[in-house]
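Participant: pasting the sequence and the predicted coordinates here, then a few questions.
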Amino acid sequence: MKVGIRDNPLRMWSGDSRGRWEGDTLVVETINFRRETSLQGSTADTRVVERFTRIDANTIKYEFTVSDSTAYTQPWTAMVPIERIPGPIFEYACHEGNHAMSNILSGSRADEKSN
């Protein structure tokens with residue numbers, strides 16, 4: 001019998017996430033957290049459901065619900081509007097290139113001044 005990843009007893013630091021569309025909303029459900037999650041008081045039984053819904057051309061409604069019957073008496077939900085910012089968004093990743101970031105940025109600023 002093949003075991004699906006959701007049935008895997010191996011727990012991830014950031015949980016095991018799966019996304020799906022419900023109409024115009026992207027829903028991401030995360031389970032199988034390690035005990036050491038970033039949610040204070042939570043346990044390995046934590047379940048987080050995130051919802052991303054475009055409200056207009058410049059706004060996404062980000063809503064998440066946390067369920068953990070071991071840690072909380074009831075699920076709780078928070079919502080934050082995410083506003084579009086001007087310019088490109090660059091991925092943030094922790095890697096060796098971060099050590100040279102000041103040189104990369106100073107070179108780009110010099111190019112901008114010369115144009």
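Facilitator: Sure, I can see it.
Participant: state the phi and psi torsions of the residue nearest the centre of the chain.
Facilitator: Of all residues in the chain, the one closest to the mean position by CA atoms, centre = their mean is Glu50, 8.6 Å from it. Backbone torsions for Glu50, taken as degrees, to the nearest 10, come to phi -110, psi 140.
Participant: what does Pro81 give?
Facilitator: phi -80, psi 140.
Participant: out of the helices and strands in this protein, which is least certain?
Facilitator: helix 101-114 (a mean of 81; mean pLDDT, DSSP states H and E).
Participant: what segments of the chain are strands?
Facilitator: For the chain, the strands defined by DSSP state E occupy 16-22, 25-31, 47-56, 59-67, 76-83.
Participant: give me the distance between the nearest residue to Arg34 once chain neighbours are set aside and Glu112.
Facilitator: Excluding its sequence neighbours, the residue lying closest to Arg34 (CB to CB, 6 or more residues apart in numbering) is Arg11, at 4.7 Å. Bear in mind the C-beta positions are built from the backbone N, C-alpha and C, glycine included. According to CB to CB, to the nearest Å, Arg11 and Glu112 sit 46 Å apart.
Participant: do Thr43 as well
Facilitator: From Thr43 to Glu112 the distance is 49 Å (CB to CB).
Participant: which one of those two is surrounded by more residues?
Facilitator: Just comparing Thr43 and Glu112: by other CB atoms under 10 Å the higher neighbour count belongs to Thr43, 16 against 8.
Participant: which ones are touching the more buried one?
Facilitator: Arg35, Thr37, Asp68, Thr70, Ala71 (CB atoms under 8 Å, 6 or more residues apart in numbering).
Participant: surely the fourth one and Asp45 touch.
Facilitator: So that's Thr70. Yes: when contacts are counted by CB atoms under 8 Å, Thr70 is listed as touching Asp45 (4.9 Å).
Participant: neighbour count: these two, which is higher?
Facilitator: When Thr70 and Asp45 are compared for neighbours, Asp45 comes out ahead with 14 against 10, by other CB under 10 Å.
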